[in-house]
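> here is the input, now give the coordinates:
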Amino acid sequence: QVQLVESGGGLVQAGGSLRLSCAASGSIFSINAMGWYRQAPGKQRELVAAITSGGSTNYADSVKGRFTISRDNAKNTVYLQMNSLKPEDTAVYYCNAESAPRLRAPTGQNWGQGTQVTVSS
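Predicted coordinates:
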C-alpha cells in the first residue's frame, strides 16, 4: 500500500501564493509520474500539473505561467508552487502518484486525501 500525505493548502487572497507538498510512503519500488489534480464544487476533477521521474512537466492551460510543479525523487515528494492565485483556483487539490511496489510489478495509481485551497477576491 502507498500513502500520499498532502500539506500546504489554506485560505489566501487573490494574487497571493501557496505551496503544496505531497510525500509518498509505503510499498514503493519506483514512482513514475506524479501530479496534482483539483476538483471544484459541482465540477469534475481535472489535471493541474504533472511531472515524470525524469522531470518533464505538463500543465493545464489555465495555470501555465502561474503554477510550477517540481519533485524530489530522493524524498518521493512532489510540490506545487502556486503564484498569482485567482478565485477560480479555489478547489480541493489532490496528489497523484503512479508507482510500482517491486521490480517488474505493474504500476498503480495512488491518491492523496486532498487539501483545500480557497482564494478570496
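> can you count the residues close to residue 60?
Per other Cβ atoms under 10 Å, the neighbour tally for residue 60 reads 15. Every C-beta, even on glycine, is put in place using the N, C-alpha and C of the backbone.
> which residue sits closest to it, ignoring its sequence neighbours?
For residue 60, ignoring the flanking residues on the chain, the nearest one in space by Cβ to Cβ, 6 or more residues apart in numbering is residue 48 at 5.5 Å.
> what pLDDT does the one you found get?
pLDDT for residue 48: 98.
> swap in residue 27?
Looking at residue 27, its pLDDT is 87.
> and if you look at residue 106?
What the model reports for residue 106 is a pLDDT of 89.
> and it, what does it touch?
If you count contacts by Cβ atoms under 8 Å, 6 or more residues apart in numbering, residue 106 has them with residue 100.
> could you report the distance from it to residue 82?
Residue 106 sits 33 Å away from residue 82, going by Cβ to Cβ, to the nearest Å.
> now do the same end-to-end measure for stretch 49-69.
Using Cα to Cα, to the nearest Å, one end of stretch 49-69 lies 6 Å from the other.
> likewise stretch 10-29?
One end of stretch 10-29 to the other measures 32 Å (Cα to Cα).
> what of stretch 56-65?
Distance between the two ends of stretch 56-65: 16 Å, counting by Cα to Cα.
> same question for it, mean pLDDT?
The model assigns stretch 56-65 a mean pLDDT of 98.
> next: stretch 68-77.
The pLDDT scores in stretch 68-77 average 96.
> the residue most central in space within the chain: which element?
By Cα atoms, centre = their mean, the chain has its centre lying nearest to residue 36, at 2.5 Å. According to DSSP states H and E, residue 36 maps onto strand 30-39.
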